[in-house]
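Colleague: Have a look at this prediction, sequence included:
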Amino acid sequence: KISRRATTSPTTTTSPATMINLVPILQVLYACVSFNLLAHILSMVLGFCCTRNFNKGLKERVFNNKIDKWIQQRWSNK
């Protein structure tokens, strides 16, 4: 037979010591989210500047360097 006993689940309580331990975690999380947001904004600004300058000589500087010429030569030989 299967006995049907009432089972009690452990309850968790939030003590002041637990809240004190969470404060540095929240500060670190806030700092990481802030840094991520700033990095995202900076990449958007850099991307905007690159797209504006792409037709003003940036294309030639990017695609006419030694590495690009080496890649083009390797692909053209195959």
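Modeller: Received it, and whenever you're ready, just let me know what you need. Numbers count the residues shown, from 1 in each chain.
Colleague: where along this structure do the helices fall?
Modeller: 16-53, 59-63, 66-77 (DSSP state H).
Colleague: contacting residues around the last one?
Modeller: It stands for helix 66-77. For helix 66-77, the surrounding residues in contact (CB atoms under 8 Å, 6 or more residues apart in numbering) are Val62. The C-beta positions use only the backbone N, C-alpha and C, and glycine is treated the same way.
Colleague: Tell me which other helices or strands the worst-scoring helix or strand of the chain on mean pLDDT touches.
Modeller: Taking mean pLDDT, DSSP states H and E as the measure, helix 59-63 is the helix or strand of the chain with the lowest mean score, a mean of 75. In this structure, helix 59-63 packs against no helix or strand, with contacts taken as 3 or more CB pairs under 8 Å, 6 or more residues apart in numbering; DSSP states H and E.
Colleague: re earlier: can you tell me which of the helices of the chain has the worst average pLDDT?
Modeller: Among those, helix 59-63 carries the lowest mean pLDDT, at a mean of 75.
Colleague: Same question for that helix: list its buried residues.
Modeller: Buried residues in helix 59-63, counted by 16 or more other CB atoms under 10 Å: none are found.
Colleague: pull the CA atoms of the least confident helix or strand of the chain into PDB?
Modeller: This file holds the C-alpha atoms of helix 59-63, laid out as PDB (Å, rounded to 0.1, in the frame of the first residue of the first chain):
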ATOM      1  CA  LYS A  59      36.700  51.800 -48.500                       C
ATOM      2  CA  GLU A  60      40.100  52.200 -50.300                       C
ATOM      3  CA  ARG A  61      42.000  52.200 -47.000                       C
ATOM      4  CA  VAL A  62      40.200  49.100 -45.800                       C
ATOM      5  CA  PHE A  63      40.200  47.000 -48.900                       C
END
